[in-house]
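[1] I'll drop the sequence and a predicted model, then ask my questions.
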Amino acid sequence: MARTFRIAFIGAGGIALTHIKHLKAVDGVEVVAAADISEKSLNRARDQHSIPRLYADYRKMLAEEKDLDAVSVCTPNALHAENAIAALEAGRHVLVEKPMAMNAAECRRMVEAARKADRRLVVGFQYRFDARSAMLRRQIEAGEFGRILYVRCQALRRRGIPNWGVFGRKDLQGGGPLIDIGVHVLEMAHYMVGSPRPLAATGKTWTYIGNRPCDVACNWPNWDYKTYSVEDLAAGLVRLEGGAMLSIEASFAAHIEKDVWNVQIMGEKGGAVWEPVQVFRDCGGYMVNQTPFFTGKVDPFEAKMRHFVEVCRDGRPCIATGEHGLMVQQMIDAIYASSEAGREVPVE
């Protein structure tokens, strides 16, 4: 009988509880410990999921849990690199939530730590496991769209500034909607078109609503405007190796008709939109819109957690590597840097 695969958590807040819920669906997995500076978060994780051992210090957990196989890092962005590197150096495989880190420099350190430790580093990019993403990637890989020319990513909220956590603090998050929700559409779009190397970017960010009191009716009122130091709206254009261009728009607050969460792909022979998933091509002398009858039933988050276990325990090839996370972070970094510089900047 195979040995139980033992996982611990650094960070026991809301996203960790979601991880644990889906890990329970994976055979042969046990969550054995969790570490968090918040006693309230630890007690909630224990009460909801019967985690046997709790720690206030994650380094003590790494030292004392001798039979630990892997660690899931679910802390604020500013701690991702520190926590992940410590776990890798302790000989554990690591799943790190998105975004991979605060910046590309931290991502490189994480990738190097995984290489030196000969451990697997997996990034929590669940949207590449979505059935629509898988279908469009297969279409692109099969050459159905020809050469990819342009990709448009949108993660737009009309008024959705988080009124919990530290999402409005640049010092702890690294940025606002671009790094928090834009990263999702950016990573799945980049994956669908084959993860080409980013070369340069132009971008602009604006803050005009979040840094003042909420004065309109909305679903998430009363955010902490006094500590709000991130953008409300970001827009960027990235040049990719091979000639394609990728644009991204992300907002916590923008004067738009409604929230938008989508990716559009345009190629020489065809194109597509992610939601609702459709393919556009010329066929028999006509322009045709094709809607797939069935793409499969997949819970992307559950698939992400199962994939992590199978990569680390069973040696399955990883589709959300640290190297992919680094390229996504390079694009985000370059858009922020371009906004500050007022010009296109090269990707490091």
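    Everything's here; your move.

[2] where do the helices sit along the stretch 151-300 of the chain?
    For the stretch 151-300 of the chain, applying DSSP state H, counting those that start in this stretch gives helices covering 170-173, 177, 183-192, 300-314.

[3] tell me the angle of the next helix or strand along the chain from the longest one relative to helix 183-192?
    Meaning helix 300-314. Counting by DSSP states H and E, the next helix or strand C-terminal to helix 300-314 is helix 322-341. On the basis of axes from the mean of the first three to the mean of the last three CA atoms, to 10 degrees, helix 322-341 is oriented at 120 degrees to helix 183-192.

[4] okay, the helices of the stretch 151-300 of the chain, which one's buried deepest?
    helix 177 (a mean of 28; mean count of other CB atoms under 10 Å). All C-beta atoms are positioned from the backbone trio N, CA, C, and that covers glycine.

[5] tell me the mean pLDDT over that helix?
    Helix 177 shows an average pLDDT of 98 in the prediction.

[6] please identify which of the helices of the stretch 151-300 of the chain is closest to Arg115.
    With CB to CB as the criterion, Arg115 lies closest to helix 300-314 of the helices of the stretch 151-300 of the chain, at 15.3 Å.

[7] that older thread, just send the helices of the stretch 151-300 of the chain back as CSV, with distance to Met287 too.
    Formatted as CSV, the helices of the stretch 151-300 of the chain follow (distance: least, CB to CB, whole Å):
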stretch, distance to Met287
helix 170-173, 43
helix 177, 34
helix 183-192, 22
helix 300-314, 31
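
[8] I'd like to know which of those is closest to Arg6.
    Here helix 300-314 is closest among the helices of the stretch 151-300 of the chain (CB to CB), at 10.2 Å.

[9] can you spell out which helices and strands pack onto that closest one?
    Judged by 3 or more CB pairs under 8 Å, 6 or more residues apart in numbering; DSSP states H and E, the packing partners of helix 300-314 are strand 5-10, helix 14-23, strand 70-73, strand 93-97, strand 121-124.

[10] Throw the ones you listed into a markdown table and include mean neighbour count, thanks.
    Formatted as a markdown table, the helices and strands packed on helix 300-314 follow (neighbours: other CB atoms under 10 Å):
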| stretch | mean neighbour count |
| --- | --- |
| strand 5-10 | 25 |
| helix 14-23 | 19 |
| strand 70-73 | 26 |
| strand 93-97 | 26 |
| strand 121-124 | 28 |
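
[11] turn those into TSV, including distance to Ala87 and mean pLDDT.
    What follows is the helices and strands packed on helix 300-314, written out as TSV (distance: least, CB to CB, whole Å; pLDDT from 0 to 100):
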stretch	distance to Ala87	mean pLDDT
strand 5-10	7	98
helix 14-23	14	96
strand 70-73	4	98
strand 93-97	5	98
strand 121-124	10	98
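
[12] which stretch among the ones you listed comes nearest Ser50?
    Short answer: helix 14-23, nearest of these by CB to CB, at 9.9 Å.

[13] where does pLDDT dip in the stretch 1-150 of the chain?
    Along the stretch 1-150 of the chain, segments meeting pLDDT under 70 span 1-2.

[14] got it, and the stretch 151-300 of the chain?
    Checking the stretch 151-300 of the chain against pLDDT under 70 turns up nothing.

[15] would you map the strands across it?
    Along the stretch 151-300 of the chain, the segments classed as strands by DSSP state E, counting those that start in this stretch run 198-206, 233-240, 245-251, 260-267, 270-273, 278-283, 286-290.

[16] could you export the helices and strands packed on helix 300-314 as JSON lines, including distance to Pro221?
    Shown next, in JSON lines, are the helices and strands packed on helix 300-314 (distance: least, CB to CB, whole Å):
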{"stretch": "strand 5-10", "distance to Pro221": "31"}
{"stretch": "helix 14-23", "distance to Pro221": "20"}
{"stretch": "strand 70-73", "distance to Pro221": "31"}
{"stretch": "strand 93-97", "distance to Pro221": "26"}
{"stretch": "strand 121-124", "distance to Pro221": "29"}
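
[17] and Val216, which of those is closest to it?
    helix 14-23 (26.3 Å).

[18] give me the helices and strands touching that closest one, please.
    strand 5-10, strand 29-35, helix 39-49, helix 300-314.

[19] so can I have JSON lines of those showing distance to Tyr150?
    Formatted as JSON lines, these follow (distance: least, CB to CB, whole Å):
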{"stretch": "strand 5-10", "distance to Tyr150": "39"}
{"stretch": "strand 29-35", "distance to Tyr150": "41"}
{"stretch": "helix 39-49", "distance to Tyr150": "43"}
{"stretch": "helix 300-314", "distance to Tyr150": "25"}
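
[20] for Val279, find the nearest of the ones you listed.
    helix 300-314 (20.4 Å).

[21] kindly export that closest one (C-alpha atoms) in CSV.
    Only the C-alpha atoms of helix 300-314 are listed here, as CSV (Å, rounded to 0.1, in the frame of the first residue of the first chain):
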residue,chain,number,x,y,z
PRO,A,300,-10.6,24.1,-12.1
PHE,A,301,-9.6,24.5,-8.5
GLU,A,302,-10.1,20.8,-7.7
ALA,A,303,-8.1,20.0,-10.9
LYS,A,304,-5.3,22.4,-9.7
MET,A,305,-5.0,20.6,-6.3
ARG,A,306,-5.1,17.1,-7.8
HIS,A,307,-2.5,18.2,-10.4
PHE,A,308,-0.2,19.4,-7.6
VAL,A,309,-0.3,16.1,-5.9
GLU,A,310,0.1,14.1,-9.1
VAL,A,311,3.1,16.2,-10.1
CYS,A,312,4.9,15.9,-6.8
ARG,A,313,3.9,12.3,-5.8
ASP,A,314,3.5,10.6,-9.1
